[in-house]
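Colleague: For reference, the sequence and a predicted model appear below.
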Amino acid sequence: MKNSVLFFFLSFTLLSFSQTTHFVNAGMMYFTPSDLVIEQGDIVIWINDGGTHDVNGNINSITNEPFNNPETFDSPTMSTIGGEIYTHIFSIPGIYNYDCSVYGHASAGMVGSITVNETNSTGCVDDDVAATELASMWNPNIVGCADAVEYFISVGYPCSTDLSILGMTGTIADICECSCDEFSSDLTTVVDIIVDSEIHNTLEAAVIAAELDDDLSGDGPFTVFAPTDDAFSALPEGTLELLLEDPMGDLANILLHHVYAGTALSTDLSDGMTVTTLLGTELSISISEDGVMVDNAMVTIVDIIADNGVVHVIDAVLLPTTGCEDDNSTIEQYFGSFFITECGSLINYLEANYGYSQEEACAWNGAPMLDLNGLLISDICACSCNLENITINEHNIIRQPLFMIDLSGKVISNPDINQPVFMIYNDGFVQKIFLTN
């Protein structure tokens with residue numbers, strides 16, 4: 001009972017706040033307009049232009065049969081010019097016929113009808129007439145909003161399509177509010193796929209916190225490279241919590257770095273191609289016999305199709321490197337004699353051989369070994385120092401080597417001197433280095 005009363009109250013409130021008042025003029029043998037289309041909850045006021053008239057929606061004055069309207073209405077006669085003959089709120093949808101019951105007026109043509117369109121509980125309205133007219137430009141068999149929306153979407157025109165190109169205003173959704181809402185609720189979006197996934201709980205929480213769920217539920221199309229819960233767990237301890245403190249900042253940027261504005265199925269990807277993300281950054285695609293890599297992440301599940309795009313599952317979080325650049329050529333110029341040709345190798349070398357912390361390595365000016373002309377390593381290695389180093393140091397994680405592998409991927413304990421090997425660290429970092437005496 002409580003729910004019924006609440007529903008009635010909400011429905012009445014919605015109708016009250018969406019009411020439109022319409023006026024019908026009554027004069028010498030006419031109602032103008034004689035045919036009126038309104039929405040559920042609208043008000044109609046009949047104004048007397050002259051003479052004696054009433055508004056009769058009960059018994060047809062010509063046939064003496066009931067009008068059988070959804071509800072009956074009847075007014076007393078009145079003769080005041082400019083006065084209100086009758087006012088009625090039409091809360092029940094349907095077609096209403098009425099006349100003036102003053103003798104001879106109805107038979108002389110003083111009759112009218114009112115069509116009341118149904119407004120649902122969300123307050124939306126479908127203009128079936130306008131939708132039929134719009135669709136008839138391409139398909140004359142389409143009738144009403146429900147058919148029109150399904151047709152337009154099937155031929156590539158979503159509800160958000162701007163109609164200004166046709167000399168009209170607004171969008172398809174402005175004409176067919178209810179049908180567009182209903183159709184949207186039946187769609188599966190890339191966000192729905194993430195929410196329904198048992199291995200993307202962290203990604204779901206991050207997308208919602210960054211307020212990207214509505215954006216990614218739009219028309220799209222979107223291609224999402226979706227890191228698993230394990231991928232987020234592999235980040236340095238405390239990283240996600242720090243990002244969630246400002247979800248609209250770095251977290252949102254990282255998430256946008258995982259989304260391409262278009263549909264990129266696995267069959268559309270090719271080795272060496274780059275994909276531009278919603279952040280404006282680029283992802284590198286590499287394909288080998290081992291599978292598909294997106295930057296440093298392996299694609300583990302491909303082509304989970306949504307109505308507004310596609311989701312590919314990846315095993316690592318992709319970190320954008322916008323705004324920074326490692327000058328590895330300068331590193332090679334200064335440190336090539338030590339077989340060090342890139343920033344990561346240098347930082348690892350300083351840590352392993354001199355006991356430097358990452359912060360100390362980035363703040364090193366080369367002394368006493370070299371003169372870097374007033375530069376610090378952080379000036380040369382902006383990305384390595386800013387992207388990796390800050391996150392690790394803020395959470396007091398000390399990077400330590402775990403084991404080495406050779407170029408074939410075999411774990412080695414006694415590497416050859418002056419041969420390249422890969423050092424695997426406790427935070428997941430992998431770096432190619434050269435060991436010297």
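Modeller: Cool, got the structure. Just so it is clear, the model here is predicted, and its values are computed rather than measured. Numbers count the residues shown, from 1 in each chain.

Colleague: The strand ranked longest in the chain: what's the following helix or strand?
Modeller: If you go by DSSP state E, the chain has its longest strand at strand 297-306. Using DSSP states H and E, the helix or strand that follows strand 297-306 in sequence is strand 309-314.

Colleague: Extract the C-alpha trace of the very next helix or strand once past that next one and format it as CSV.
Modeller: Per DSSP H and E, strand 309-314 leads on to helix 328-335 as the next helix or strand towards the C-terminus. The C-alpha trace of helix 328-335 is given here as CSV (Å, rounded to 0.1, in the frame of the first residue of the first chain):
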residue,chain,number,x,y,z
ASN,A,328,69.0,8.2,-24.1
SER,A,329,71.4,9.5,-26.8
THR,A,330,73.0,11.8,-24.2
ILE,A,331,73.2,8.9,-21.7
GLU,A,332,75.0,6.9,-24.4
GLN,A,333,77.3,9.8,-25.1
TYR,A,334,78.4,10.1,-21.5
PHE,A,335,78.2,6.5,-20.3
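
Colleague: Show me what counts as buried in helix 328-335.
Modeller: Asn328, Ile331, Glu332, Tyr334, Phe335 (16 or more other Cβ atoms under 10 Å). Bear in mind the C-beta positions are built from the backbone N, C-alpha and C, glycine included.

Colleague: Any chance you could list what contacts that helix?
Modeller: Outside helix 328-335, the residues within contact range by Cβ atoms under 8 Å, 6 or more residues apart in numbering are Ile340, Thr341, Glu342, Cys343, Ser345, Leu346, Tyr349, Gly366, Leu370, Leu372, Ile380, Cys381.

Colleague: Am I right that Cys180 is in a helix?
Modeller: Yes - under DSSP: H, G, I helix; E, B strand; the rest coil, Cys180 sits within a helix.

Colleague: which residues does it contact?
Modeller: For Cys180, the contacting residues are Val149, Cys159, Ile172, Ala173, by Cβ under 8 Å, 6+ apart.

Colleague: Can you tell me which of the residues you listed lies closest to Ala205?
Modeller: Cys159 (28.8 Å; Cβ to Cβ).

Colleague: Contact partners for that closest one?
Modeller: Val149, Phe152, Ile153, Thr171, Ile172, Ala173, Cys176, Cys180, Phe183, Ser184, Asp219.

Colleague: The last one belongs to a helix?
Modeller: No - counting by three-state DSSP, Asp219 is not found in a helix; it is coil.

Colleague: Nearest residue to it in space, please, no chain neighbours.
Modeller: Closest residue to Asp219 apart from its sequence neighbours, by Cβ to Cβ, 6 or more residues apart in numbering: Pro158 at 4.3 Å.

Colleague: What about that neighbour, how many residues nearby?
Modeller: Counted with other Cβ atoms under 10 Å, residues neighbouring Pro158 total 20.

Colleague: any weak-confidence spans in the stretch 201-350 of the chain?
Modeller: Across the stretch 201-350 of the chain, the ranges flagged by pLDDT under 70 are 321-324.

Colleague: quick revisit: can you lay out the buried residues of helix 328-335 as a markdown table showing distance to Ile208?
Modeller: Formatted as a markdown table, the buried residues of helix 328-335 follow (distance: Cβ to Cβ, whole Å):
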| residue | distance to Ile208 |
| --- | --- |
| Asn328 | 39 |
| Ile331 | 41 |
| Glu332 | 45 |
| Tyr334 | 47 |
| Phe335 | 46 |
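
Colleague: Among these, which one lies nearest to Val44?
Modeller: Among the buried residues of helix 328-335, Asn328 lies closest to Val44 (Cβ to Cβ), at 77.6 Å.
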